[in-house]
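Peer 1: predicted model, plus sequence, below.
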Protein chains: 2
Amino acid sequence: MSDARASSAPVVAAIVAIFAVRDGRLHVLLVHRSGPPEEDTWALPGGRWDGVETLEAAADRVLARETGVQDLYLEQLFTASGLDGAQPSVAVAYIALVEPSTVRLRQEEAWRPAWFPVDDLPLLAFKNNEVIDQAVRRVGAKLDYSNIAYGLLPEQFTLRDLQTTYEAILRKDLDRRNFRKRMISTGLIEPTGATRREGAHRPAALYRFASREPVVL
Amino acid sequence: MSDARASSAPVVAAIVAIFAVRDGRLHVLLVHRSGPPEEDTWALPGGRWDGVETLEAAADRVLARETGVQDLYLEQLFTASGLDGAQPSVAVAYIALVEPSTVRLRQEEAWRPAWFPVDDLPLLAFKNNEVIDQAVRRVGAKLDYSNIAYGLLPEQFTLRDLQTTYEAILRKDLDRRNFRKRMISTGLIEPTGATRREGAHRPAALYRFASREPVVL
DNA sequence: TCAAAAGTGTTCTATCTACACCCATGT
DNA sequence: ACATGGGTGTAGATAGAACACTTTTGA
């Protein structure tokens, strides 16, 4: 059907680890593979690169397809070859950070997407467990010296919300006072002046990120 | 000559930013392009990926071809698409660190390689100036919390050698006493017991890296 | 008045920075 | 003896970690 060199025309795909914090736990979006290869397993969503758009555009397209959101935090992680053992393939992995309430998951039954807590994943196709591990480590490392958490939070949020997000990613408890001091002193966030009341206790001051573009300290 | 879909069979290549410290300055290895595209400019050495080997093996092959050395420090930087505007292309960029005395540059006149100081580069093909910028930043960032400098130094070295290497990459002078204290306290290096005499002054103690595999603190 | 989360300061410790003099050697 | 780079310690500043009580609200 195809000549011998067909095997040297590689497939280039973007795969995206889409993260969100839900109920205080970090989740990643996976799709149920409804066809070969690796049928009937879960894996990171991906899409073939068309050779025209940039790789980042391909990743953004995957994100939009699965979640309906776009133009959020998107960062390249690394590139792996041979994840699909059956043919020459290159997968360029990206990290995306989304705020759950903005997301409308794609609804089709085939290749349906679902959130999984990152610390309780099944065995995934294409060594995607390792990809997700590295992605979580990368996000955790950048939390401390950048504003990337803006991707995971709504426009306005309380310091408690922010801390819960940090704790979900770092998987450890943080001291409330020290956290507050450090966050405010970085200048990455600023008070909006508004407060939020919910429940029988003092209302919490609301904050926003000073910038919703990536900033590195 | 080829059907319309030829444009969707992308070229995947590994390109390698090979660094060495020479005369106290950080240098990068470039090759003079003796054919299209971008003929007669300088660019990072690269090689097409064959679809069978891993991408890292392709990068290692480029390194070995240009320098004769192999199995040194090699780390993936990032992947860019469309660097070659003429066709669908993906370039996976790697960083390699070598010790100049171990290197024998490829001698052919065509596509000849040469060392360039990173702070005095010509305008390179395929936006390689940006690639090198990012690579230098990455190496600088990792110096402080890893042993990657082992790639740039011989088996044994003095603390002065090590400091010179750091200063070349970070482009700033470091305090000799503080540098020594920090390096020794990390445990990444250890004294060999030997000394080196050269010139009319006290001999310098020689050190080695405790591990010549990548270690992150 | 009680429960529940918000908000706030100080002390201690570890780490980083700045800085100057003596040591071993070759000429 | 002198010139050259190797080797060492201390004091001050800064950043991070530990820790407990008061405030505001809804029920």
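Peer 2: Happy to help now that I have it. Residues are numbered from 1 along each chain as shown, chains lettered A, B, ... in the order given.
Peer 1: list the helices and strands the top strand by length along chain A packs on?
Peer 2: Looking across chain A with DSSP state E, the single longest strand is strand A:11-22. Strand A:11-22 is packed against strand A:25-32, strand A:46-48, helix A:55-67, strand A:89-97, helix A:128-143, helix A:159-170, with contacts defined by 3 or more C-beta pairs under 8 Å, 6 or more residues apart in numbering or on different chains; DSSP states H and E. C-beta: built from backbone N, CA, C; applies to glycine.
Peer 1: tell me the gap between the last one and the middle of its chain.
Peer 2: So the one you mean is helix A:159-170. Centroid displacement of helix A:159-170 relative to its chain, using C-alpha atoms, centre = their mean, to the nearest Å, is 15 Å.
Peer 1: likewise for the shortest one?
Peer 2: Centroid separation for strand A:46-48 versus its chain: 16 Å, with C-alpha atoms, centre = their mean.
Peer 1: parallel or antiparallel, list what pairs with that strand.
Peer 2: Take DSSP bridges as the rule and strand A:46-48 pairs in its sheet with strand A:11-22 (antiparallel).
Peer 1: flag every residue of chain A that's near DNA strand C.
Peer 2: A:158-160, A:176-178, A:180-181, A:195, A:199-205 (C-beta under 7 Å from any atom of the strand).
Peer 1: report how many residues lie close to A:L44.
Peer 2: When neighbours are counted by other C-beta atoms under 10 Å in any protein chain shown, A:L44 registers 25.
Peer 1: beta partners of A:T79?
Peer 2: Judged by DSSP bridges, the bridge partners of A:T79 are A:V92.
Peer 1: quick revisit: between the longest strand of chain A and strand B:89-97, how big is the angle?
Peer 2: 70 degrees (axes from the mean of the first three to the mean of the last three C-alpha atoms, to 10 degrees).
Peer 1: kindly export strand A:11-22 (C-alpha atoms) in PDB.
Peer 2: Output of strand A:11-22 as PDB, limited to C-alpha atoms (Å, rounded to 0.1, in the frame of the first residue of the first chain):
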ATOM      1  CA  VAL A  11       3.400  11.500  13.000                       C
ATOM      2  CA  VAL A  12       3.800  14.700  15.000                       C
ATOM      3  CA  ALA A  13       1.200  15.300  17.700                       C
ATOM      4  CA  ALA A  14       0.600  17.800  20.500                       C
ATOM      5  CA  ILE A  15      -0.600  16.200  23.700                       C
ATOM      6  CA  VAL A  16      -1.900  18.400  26.600                       C
ATOM      7  CA  ALA A  17      -1.900  17.800  30.300                       C
ATOM      8  CA  ILE A  18      -4.900  20.000  31.300                       C
ATOM      9  CA  PHE A  19      -4.900  20.600  35.100                       C
ATOM     10  CA  ALA A  20      -7.600  22.000  37.400                       C
ATOM     11  CA  VAL A  21      -8.100  22.000  41.100                       C
ATOM     12  CA  ARG A  22     -11.400  20.500  42.100                       C
END
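Peer 1: tilt between that strand and helix A:159-170?
Peer 2: Using the same axes, to 10 degrees: strand A:11-22 against helix A:159-170 is 130 degrees.
Peer 1: what distance separates the start and the end of stretch A:147-154?
Peer 2: Terminal residues of stretch A:147-154 lie 13 Å apart, using C-alpha to C-alpha, to the nearest Å.
Peer 1: break chain A down into its domains, please.
Peer 2: A:4-143, A:155-209 (automatic domain parsing).
Peer 1: show the average pLDDT along the shortest one.
Peer 2: Looking back up the chat, that one is domain A:155-209. Regarding domain A:155-209, the rounded mean pLDDT is 96.
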